[in-house]
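Asker: requesting a structural model of the entry that follows:
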Amino acid sequence: MFESRFNFSLDDNIAGTIYTTRKKTKKLNILVYTLLFLCLLFAIISLILDIILGDSVVFDIILIILAITVGIYHFYSPKMWKKSAIKSYNEFIASNNYCVVIIDDDSCKVSFYKGDEEVSKVVLDLNSITACFEDNERLVIVFNKNQFVIIKKENLSGRIEFLRDKIEQYLNDEGIIYITKNETKKIAK
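Answerer: Below is the predicted model:
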């Protein structure tokens with residue numbers, strides 16, 4: 001059994017939210033950028049042909065503006081994820097004193113406490129682990145591709161190597177990703 005008892009910080013929530021969202025949208029990003037490139041290419045070719053033929057270029061300009069707008073929105077979406085993480089932290093987590101994460105043979109139990117009173121508890125099946133990432137301070141385990149659990153390494157009872165091995169047994173996705181402190185700061189920005 002592994003247990004981690006710690007204060008769940010805003011940085012923990014931001015790192016978990018941004019990582020989980022990036023993991024979910026990885027394939028979508030490739031599709032969006034490919035479609036944007038093709039759309040812009042089509043719009044520019046169509047614009048050139050319409051100018052040569054003397055036709056109206058309004059539709060071409062609207063298409064180019066729309067493609068650029070979607071590209072900018074998609075490029076800045078991590079900043080929106082960060083704002084969402086800050087808002088959810090302030091609304092649901094900030095008032096709690098600490099978090100306790102317990103991983104046993106087949107489940108992960110996450111409880112939030114205010115004082116000595118448990119205010120919320122979630123039990124997750126280890127068979128639903130889809131990803132995990134690790135930096136210098138924390139281990140983030142992703143369940144069902146959209147729910148994350150933070151484990152602070154410094155507050156972990158049990159050896160981190162054994163916990164990594166246990167997580168790797170249950171992974172249903174691409175494996176554990178190790179991130180350096182600099183990369184974590186880039187994710188959070």
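
Asker: all helices of this protein, in order?
Answerer: Listed in chain order, the helices of the chain (DSSP state H) span 10-24, 26-53, 58-75, 77-88, 160-170, 181-188.

Asker: and the first one, what's buried?
Answerer: In terms of neighbour count (16 or more other Cβ atoms under 10 Å), helix 10-24 has its buried residues at 11-21, 23. All C-beta spots, glycine's among them, are computed from the backbone N, C-alpha and C.

Asker: and Asn90, how close does it get to Val110?
Answerer: 19 Å (Cβ to Cβ, to the nearest Å).

Asker: more neighbours, these two?
Answerer: Neighbour tally, Asn90 and Val110, criterion other Cβ atoms under 10 Å: the higher count belongs to Val110, 22 against 12.

Asker: just give the nearest non-adjacent residue to the more buried one, would you?
Answerer: Sequence neighbours aside, Val122 is the residue nearest to Val110 in space, at 4.8 Å (criterion: Cβ to Cβ, 6 or more residues apart in numbering).

Asker: just checking, the one you found touches Lys109?
Answerer: Yes: between Val122 and Lys109 there is a contact under Cβ atoms under 8 Å: 7.4 Å.

Asker: low-scoring stretches of this structure, by residue?
Answerer: Scanning the chain for pLDDT under 70 picks out 24-25, 94, 172-189.

Asker: tell me the centre residue of it?
Answerer: Thr20 (2.3 Å; Cα atoms, centre = their mean).

Asker: residues touching Leu171, list them.
Answerer: The neighbours of Leu171, taking Cβ atoms under 8 Å, 6 or more residues apart in numbering as the test, are 129-132.

Asker: columns neighbour count and distance to Asp104 on top of those residues, output as TSV?
Answerer: Formatted as TSV, the contacts of Leu171 follow (neighbours: other Cβ atoms under 10 Å; distance: Cβ to Cβ, whole Å):
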residue	neighbour count	distance to Asp104
Ile129	22	14
Thr130	19	20
Ala131	22	21
Cys132	27	17
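
Asker: now, which of those sits nearest Ile64?
Answerer: Closest approach to Ile64 among the contacts of Leu171 (Cβ to Cβ): Ala131, at 36.7 Å.

Asker: can you pull up the bridge partners for that closest one?
Answerer: Val142 (DSSP bridges).

Asker: if we can go back for a sec, which of the contacts of Leu171 lies closest to Asn97?
Answerer: Distance to Asn97 across these (Cβ to Cβ) is lowest for Cys132, with 26.3 Å.

Asker: thinking again about what came up before, quick one: the residue nearest to the centre of the chain and Asn146 touch, right?
Answerer: Yes: Thr20 lies in contact with Asn146 (Cβ under 8 Å); the separation is 6.4 Å.

Asker: now the two most distant members of the contacts of Leu171.
Answerer: Taking Cβ to Cβ, no two of the contacts of Leu171 sit farther apart than Thr130 and Cys132, at 8.6 Å.
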